[in-house]
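[1] take a look and give me a structure for this.
(one chain, ligands or ions: 1)
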Amino acid sequence: MMTRRPRLVDRKHADGFPTYTWKTAPDGLSTKDQLKSRGLRPGGPIVAQIKWRSKKRHGNYRHAWLYETDLALPKQPMTPAKWEAVGKALRARRICPECGVEKHYTISTKYKACNECMPPEYAAAA
Ligand SMILES: [Zn+2]
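    A predicted model of the protein is given here:
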């Protein structure tokens, strides 16, 4: 098991940012996770940080960057190009590597063959 030294924050970022403890951060600032839970993403630079002692791992500090909530942007919407990439990936998983036929189901990654190409002994087990 690897032992890690307690880490406050990255040395190069440690100074220059207002630092708050857990739950004392001012209104108007949010962590990435808080923004994410509201369907947002950081839209501005890091403005502050919070640091708190981990209860689980005594002596360790947890740390999160804070962003201005007002500057947050909606999460990247899916673009047509992204949908196309997803569609291609899904389609590729439906094409049998043995016979090259596109099936209406995803090819088994375990047997790497469609139901027709699968050796009978595997088909019985599947
Ligand atoms: Zn096949």
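[2] near the ion, which residues of this structure? Just list them.
    The interface of the chain toward the ion, taken as CB under 5 Å from the ion, is made up of 96, 98, 99, 114, 117. Glycine gets a C-beta too; all of them are placed from N, C-alpha and C.
[3] from residue 52, how far off is residue 69?
    20 Å (CB to CB, to the nearest Å).
[4] closest to residue 77 out of the residues of the chain next to the ion?
    Using CB to CB, residue 96 is the member of the residues of the chain next to the ion that sits closest to residue 77, with 33.8 Å.
[5] returning to that earlier point: most neighbours among the residues of the chain next to the ion, which one?
    Within the residues of the chain next to the ion, most neighbours by other CB atoms under 10 Å means residue 114, with 20 neighbours.
[6] can you give me the strands for the protein?
    Secondary structure of the chain (DSSP state E): strands at 19-21, 29-30, 40-41, 46-53, 61-68, 73-74.
[7] comparing these, which comes out most buried?
    strand 29-30 (a mean of 21; mean count of other CB atoms under 10 Å).
[8] partner strands of that strand, with direction?
    The pairing partners recorded for strand 29-30 under DSSP bridges are strand 61-68 (antiparallel).
[9] next, the angle strand 46-53 makes with the strand it pairs with.
    150 degrees (axes from the mean of the first three to the mean of the last three CA atoms, to 10 degrees).
[10] if we look at strand 61-68, which residues are touching it?
    The contact list for strand 61-68 (CB atoms under 8 Å, 6 or more residues apart in numbering) reads 6-9, 20, 25, 28-33, 35, 42-54.
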